[in-house]
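K.L.:
Model the structure of this input:
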Amino acid sequence: MEDHLSIHGGSVARTDGLSSADAAQRLRQDGPNRLPAVKRPSATRRFLGEMVHFFALMLWVAGGLALLAGMPQLGIAIFGVIVVNALFSFLQEARADRAAERLRELLPARVTVRRDGRPQTVDADQVVVGDRLLVEAGDRVPADATAVSVNGLLLDTSLLTGESRPSSIAVDDLLPAGTFVVEGTGEAQVTAVGAATRLASIAQLTTSAEKPETPLTRGIAEVVRMIAIIAVGVGILFFAVSLLMGNGADDGFVFAIGVTVALVPEALLPTVTLSLAWGAEQMAKRQVLVRSLEAVETLGSTTFICTDKTGTLTMNQMSVVAAWTPASTVTVVGVGYEPVGEVAVEGEVAVEGEASRAGPTALALAGARCATGYAFEKDGAWLAHGDPMEAAVDAFARRLGIDTDADRVARPEAMRFPFDHRRRRMSVVIDGEVVVKGAPDGVLPLCAEQDGAAEAIEGFTRRGLRVLAVAHRPTGGQRVASATDAEQGLQLLGVIALQDPPRPGVHAAIDACRKAQVKIAMVTGDHPDTAAAIATEVGLRRPTDPVMIGSELPADEKELGEVLDHDGIVIARVSPEDKLRIARALRARSHVVAMTGDGVNDAPALHEANIGIAMGASGTDVAREAADLVLLDDHFASIVAGIEQGRTTYVNIRRFLTYHLTDNVAELTPFVVWVLSGGNFPLALGVLQILALDIGTDTLSAVALGAEPPSSHLVEGPPVKGKLMNRTVVRRAFGVLGPTIAFASMVAFVVSLMAAGWWPGEPWPSDAGIAAASGAAFMTVVLGQKANAFACRSSTRRPGQLGWRTNRLLLFTGVIELAFALTVLLVPPIARELGQANPPLLGWLVAVLSMPLMLLVDALEKRHHARRMRHPAPPER
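P.N.:
Numbering: from 1, shown residues only. A predicted model of the protein is given here:
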């Protein structure tokens with residue numbers, strides 16, 4: 001590294017690099033070597049954004065109308081709901097879209113360049129086009145550069161390409177910015193910096209990909225639009241009726257506003273948010289970190305998973321799984337670099353002389369010696385230093401009882417000839433012996449005897465394993481001056497088969513996805529043979545499933561979607577642009593696409609997919625920032641748990657939507673009665689009482705419904721489909737449960753009026769009597785809703801069948817809401833403000849009886865519906 005000679009295929013050239021003056025001029029011309037900064041919305045703007053979505057806007061309008069109608073308490077309360085919900089959502093989703101900015105962290109802070117004829121250390125952002133980079137093992141490449149001289153240079157490009165095996169770099173090969181030097185040394189000329197690098201182009205892909213709208217967002221928007229239309233329509237109708245009855249326009253307007261506000265479920269927005277937050281917490285317990293709350297439900301709606309291979313389906317740890325020597329076949333049980341496991345030797349025979357060295361121990365020791373990479377322990381974990389394949393060979397030797405650390409210290413190497421992509425092998429002269437390791441086609445032709453090797457290699461290759469051949473010869477005291485001198489007259493020690501093994505449980509997880517009718521494709525930058533072998537081993541690919549490479553994908557998006565819409569397809573050698581096109585093409589076919597990945601190359605597609613899933617343990621910051629979910633344990637099986645929770649969340653939203661709408665029917669009924677009576681019948685419930693019901697006595701029970709535990713049948717079929725407010729929700733809320741609780745509340749009101757001395761045709765009782773009757777109607781809705789909460793746990797099964805204590809949160813929240821209801825009813829100042837008072841005994845009796853009435857009607861409706869469907873109650877969808 002210290003002199004300035006460049007070697008080009010045996011010829012020697014001299015270069016002094018740029019002068020300091022030239023470098024300064026180019027820095028002024030091109031600017032610093034930094035990725036373009038991404039303009040992100042400020043925290044204030046993101047917070048305000050939580051208060052201006054469609055549902056929030058509807059509540060702002062409702063609050064404003066309440067102020068116009070002379071009901072400031074109601075308006076302020078509604079505004080408070082909006083702000084508190086926005087704050088909660090903001091804190092839960094306090095993550096900015098920083099994926100492109102995090103890419104800058106992949107660039108080193110200081111690098112070595114050759115300037116003015118000598119090596120100099122400069123800041124990475126000072127590197128300019130034309131600079132000569134000097135790189136060695138452990139360095140990260142600061143800019144795109146072309147190799148001008150190499151000495152066994154291996155580059156880890158997995159973060160950009162998905163290729164799990166380090167690439168051998170030759171003269172004129174590209175060294176992309178952000179890649180990592182695994183082994184060797186080299187010199188490269190910078191060709192692009194900053195925004196012109198390949199890394200920057202990926203940043204641009206990440207920021208330009210627009211996040212698709214989630215199914216939940218569409219569903220909630222539909223519900224809100226319907227509620228808004230109904231509320232405004234009913235308000236206009238009541239305004240017209242009020243005018244026809246001879247009321248003044250001002251009074252009619254105030255009344256219409258009250259009706260409109262009463263029909264708006266103010267608590268629905270925070271209930272949805274809290275339900276998603278609860279689902280996110282449950283996912284975290286199952287090793288799935290939620291970065292966007294709506295992703296909780298989106299994962300449950302997923303119909304197509306595009307999964308990466310390395311680090312997602314596999315361990316991302318190369319392991320020796322088998323070996324062959326002329327005397328034996330070896331099977332290795334052990335994953336990763338930890339020197340524990342079993343080595344089973346079959347067919348070993350006793351031989352004498354030189355051939356006796358051709359056993360598994362000699363093979364492993366030679367393989368470990370002819371390497372610069374090795375396994376080492378740090379903080380209780382075994383990791384790879386250098387090339388992961390060489391670290392795996394080192395771990396193989398350790399499993400055979402060889403102390404490779406001691407061997408490295410006791411036997412320092414004399415000469416090394418690094419791996420070369422033309423020779424496809426490397427060699428080392430150590431302790432009077434030449435050891436050669438490399439690709440079989442680069443080693444076997446140099447060996448005198450190869451009996452049985454070809455068959456063994458073919459068998460390993462057929463299994464999708466990577467194969468290294470190892471050979472040796474004694475130097476006989478002769479001087480070895482070059483690779484040509486060393487690599488001749490070799491004796492084959494054997495071959496070593498390696499694999500990045502599948503993660504435990506992946507096969508079962510893939511089976512579970514198919515049971516849930518979710519299609520799966522492998523999308524990887526790795527070699528097609530390796531990808532197909534792993535896909536077959538884990539059960540993702542079946543014999544008839546196609547294997548394609550990125551360059552074969554159709555250019556037309558429609559045709560591409562048709563090709564890709566195949567369960568079990570494997571697409572290898574894909575670029576970041578290919579992954580983006582794949583996500584878009586599948587979405588165009590109405591799929592809800594989940595994309596998994598861990599590298600920089602995955603970030604744009606993670607952002608483009610309906611839901612991006614990054615790896616938490618082995619993934620990059622870039623991938624995690626672009627994703628909606630992060631698998632903390634990197635286990636594909638965690639996705640299945642997430643799908644179950646997501647589907648549960650969607651069903652739970654339908655449950656508490658039914659619950660909220662039932663309450664709205666009961667709240668609207670007093671106004672309908674008032675209109676039908678020509679304004680002669682008193683209002684059973686006032687607007688402030690309705691607000692107390694919506695926010696004070698319904699919200700927590702609705703949240704408890706949103707926390708209903710998962711049911712196993714939800715992952716035994718396709719995703720839950722249809723609108724949130726589907727036919728079942730409408731039938732139960734508006735046709736059964738709502739009318740029942742409305743009837744009970746009006747009975748409680750009338751009975752209480754009669755207890756105060758009123759009889760039809762006679763004058764209304766005093767204001768105190770009407771307030772007590774209103775209190776009875778209020779408590780009837782409260783208690784009826786407590787029973788309704790249990791009824792809404794399922795649209796097909798009775799609460800007793802589910803178990804009264806299987807949702808303990810519902811019991812706890814019910815107690816809290818009853819305490820709130822009694823407080824606003826029995827504390828005189830609060831009760832007067834709401835226009836109610838302690839009901840008479842008959843009013844209390846009707847209120848209490850509303851609970852068994854709701855459960856009875858619910859049971860009869862479910863029984864009738866099951867009979868009408870002509871089969872037993874099906875699992876709830």
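K.L.:
pLDDT score for Ala521?
P.N.:
Predicted confidence (pLDDT) at Ala521: the value is 95.
K.L.:
which residues touch the closest residue to it other than its chain neighbours?
P.N.:
Excluding the flanking residues, the one nearest Ala521 by CB to CB, 6 or more residues apart in numbering is Ile569, at 4.7 Å. Any C-beta I mention is one placed from the backbone N, CA and C, and that applies to glycine too. Counting by CB atoms under 8 Å, 6 or more residues apart in numbering, Ile569 makes contact with Ala521, Met522, Arg541, Asp545, Pro546, Val547, Met548.
K.L.:
My read is that the first one contacts Ala572, right?
P.N.:
The reference is to Ala521. No - the criterion here is CB atoms under 8 Å, and Ala521 misses it with Ala572 at 11.2 Å.
K.L.:
quick revisit: could you tell me the phi and psi values at the residue nearest to Ala521?
P.N.:
Per-residue torsions, Ile569: phi -70, psi 150 (degrees, to the nearest 10).
K.L.:
Can you give me the distance of it to Val296?
P.N.:
28 Å (CB to CB, to the nearest Å).
K.L.:
do Phe820 as well
P.N.:
Distance from Phe820 to Val296, by CB to CB: 28 Å.
K.L.:
Mind checking which of the two has more residues around it?
P.N.:
Val296 (30 against 16; other CB atoms under 10 Å).
K.L.:
Am I right that that one falls within a helix?
P.N.:
Yes - the assignment for Val296 is a helix, going by DSSP: H, G, I helix; E, B strand; the rest coil.
K.L.:
check contacts around it.
P.N.:
Leu276, Gly279, Ala280, Met283, Val290, Gln645, Gly646, Thr649.
K.L.:
likewise Gly835?
P.N.:
Contacts of Gly835 by CB under 8 Å, 6+ apart are Gly686, Leu688, Gln689, Ala771, Ser774.
K.L.:
Farthest-apart pair in those, please.
P.N.:
Pairwise distances across the contacts of Gly835 (CB to CB) peak at 12.5 Å, for the pair Leu688 and Ala771.
K.L.:
could the contacts of Ile569 be laid out in a markdown table, adding secondary structure, neighbour count and distance to Arg132?
P.N.:
Formatted as a markdown table, the contacts of Ile569 follow (DSSP: H, G, I helix; E, B strand; the rest coil; neighbours: other CB atoms under 10 Å; distance: CB to CB, whole Å):
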| residue | secondary structure | neighbour count | distance to Arg132 |
| --- | --- | --- | --- |
| Ala521 | strand | 26 | 43 |
| Met522 | strand | 28 | 40 |
| Arg541 | coil | 24 | 46 |
| Asp545 | coil | 17 | 48 |
| Pro546 | coil | 14 | 45 |
| Val547 | strand | 18 | 41 |
| Met548 | strand | 18 | 40 |
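K.L.:
and which of these is nearest Arg587?
P.N.:
Checking the contacts of Ile569 one by one against Arg587 (CB to CB), the nearest turns out to be Ala521, at 13.6 Å.
K.L.:
quick one, strands of the stretch 401-550 of the chain?
P.N.:
415-420, 425-430, 433-438, 466-474, 491-499, 519-523, 547-549 (DSSP state E, counting those that start in this stretch).
K.L.:
Distance to Gly194 added to those strands, as TSV?
P.N.:
Below are the strands of the stretch 401-550 of the chain laid out as TSV (distance: least, CB to CB, whole Å):
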stretch	distance to Gly194
strand 415-420	32
strand 425-430	35
strand 433-438	38
strand 466-474	36
strand 491-499	38
strand 519-523	29
strand 547-549	31
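K.L.:
so which of these comes closest to Arg624?
P.N.:
Of all those, strand 519-523 comes closest under CB to CB, at 18.4 Å.
K.L.:
Which residue lies closest in space to Val673, excluding its sequence neighbours?
P.N.:
Per CB to CB, 6+ apart, closest to Val673 is Phe681, 5.4 Å.
K.L.:
Next one, pLDDT for the one you found please.
P.N.:
Taking Phe681 on its own, its pLDDT is 87.
K.L.:
and if you look at Thr206?
P.N.:
Reading off the model, Thr206 has pLDDT 64.
K.L.:
same thing with the one 5 residues further on?
P.N.:
According to the model's per-residue confidence, Lys211 sits at a pLDDT of 63.
K.L.:
Low-confidence regions, the stretch 751-877 of the chain specifically.
P.N.:
869-877 (pLDDT under 70).
K.L.:
can you check the stretch 101-250 of the chain too?
P.N.:
In the stretch 101-250 of the chain (pLDDT under 70), the answer is 101-109, 162-164, 203-213.
K.L.:
would you list every one of the strands in it?
P.N.:
Under DSSP E, counting those that start in this stretch, the stretch 101-250 of the chain gives strands at 110-115, 118-123, 132-136, 144-156, 167-168, 174-175, 180-192.
K.L.:
Please verify my assumption that Ala145 contacts Gln189.
P.N.:
Yes - Ala145 is in contact with Gln189 according to CB under 8 Å; the separation is 5.9 Å.
K.L.:
hmm, what's the outermost residue in the chain?
P.N.:
Glu762 (66.4 Å; CA atoms, centre = their mean).
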